[in-house]
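>>> sharing a sequence plus its predicted fold:
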Amino acid sequence: MSSRRSRSRQSGGSRITDDQINDLVIKLQQLLPEIRNRHSDKVSAAKVLQETCNYIRSLHREVDDLSERLSELLATTDNAQAAIIRSLLMQ
Amino acid sequence: MNSSHLNPSSSLKSRFTTRFLRALTRINARKPISPSSPREIFQRYRRIKVAADKSMASSVRSRRTWSRATLWKLRSRSCLQLASLGRRRSVKTSTITSRQAIMKKTSHEIENKTTTEEDHQDRFVGQADKLRELVPGGEAMDLCNLLDETAHYIKCLTTQVQLMRKIVDFYSL
């Protein structure tokens, strides 16, 4: 019991209310593509966190995959195109 | 600079794109002996991935804990690589792994004690710990900050993926 109290005291001393946590969880829910489409309010916080972990992992995989493709593409493209692309994207 | 007040995400996008393209031209400028060998491609892939993460973290600067943690991690990793060229790196890596072991140990202790807790925050401590592993710098955050940082991290990751896709499309023309 004392360990529980000491642990909550360690969290910076500020009162973290349930409402705050719920608001943050709802904010996260809005960012997730799958849960957003279901339009359901009854998604539990644990489910939102679980989906968040899965989503972050899939984003990491996408970055890996895109980096691989870029690496293969760079082998065949020359420098002039990079300068052209940068000028196009900077408009 | 007025546009950055109206639409902060567009200035983030342009900062990331500038940095990342600059890094790409630098990576491309290295003339290896065999540019299309699998090993060369793999090394380039690693450099590109690091450049992408670093470009995004640099564009966010130090405003966020996760970006600070990413930049710190990348800088210390490059220092380690330089140090390992001639010297033993066992000392440094053992301190890092022992820190991770300490983090894992405390999270296990917290998990074992929460099976009968009625405190709402403890309901998702298990998931929160998994999240802590995924978000840079997550181990040191309390739940509130963790959720806040995660939201921002996801926004920046999706921007990064979106811009990298555009660049890949350009190069594929």
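In hand now; what should we look at? Numbers count the residues shown, from 1 in each chain, chains lettered A, B, ... in the order given.
>>> how about the helix or strand hosting A:Val48 and chain B, touching?
Per DSSP states H and E, A:Val48 falls inside helix A:45-74. Yes: counting by C-beta under 8 Å from any C-beta of the partner chain, chain B has neighbours in helix A:45-74: A:45-46, A:49-50, A:52-53, A:55-57, A:59-60, A:62-64, A:66-74. All C-beta spots, glycine's among them, are computed from the backbone N, C-alpha and C.
>>> which among these end up buried?
Buried by 16 or more other C-beta atoms under 10 Å in any protein chain shown: A:45, A:49-50, A:52-53, A:55-56, A:59, A:62-63, A:66-71, A:73-74, out of those.
>>> quick check: closest non-adjacent residue to the residue sitting nearest the centre point of chain B.
Taking C-alpha atoms, centre = their mean, the centroid of chain B lies closest to B:Thr70, which sits 4.5 Å from it. What sits nearest to B:Thr70 in space, not counting adjacent residues and going by C-beta to C-beta, 6 or more residues apart in numbering or on different chains, is B:Ala57, at 4.0 Å.
>>> distance between the helix or strand hosting the one you found and the chain's centre?
Per DSSP H and E: B:Ala57 is located in helix B:38-60. Offset of helix B:38-60 from its chain centre (C-alpha atoms, centre = their mean, to the nearest Å): 11 Å.
>>> return the set of buried residues in it.
Applying 16+ other C-beta under 10 Å to helix B:38-60 flags B:40-41, B:44-45, B:47-60 as buried.
>>> pLDDT on the helix holding A:Val48, on average?
For helix A:45-74, mean pLDDT rounds to 90.
>>> I'd like to know which elements that helix is packed against.
helix A:18-31, helix A:33-38, helix B:8-29, helix B:38-60, helix B:125-134, helix B:143-171 (3 or more C-beta pairs under 8 Å, 6 or more residues apart in numbering or on different chains; DSSP states H and E).
>>> does the fifth one reach chain A?
Yes: contact between helix B:125-134 and chain A is present through B:126-128, B:130-131, B:134 (criterion: C-beta under 8 Å from any C-beta).
>>> now, among those, which is nearest to A:Met90?
B:Leu134 (32.2 Å; C-beta to C-beta).
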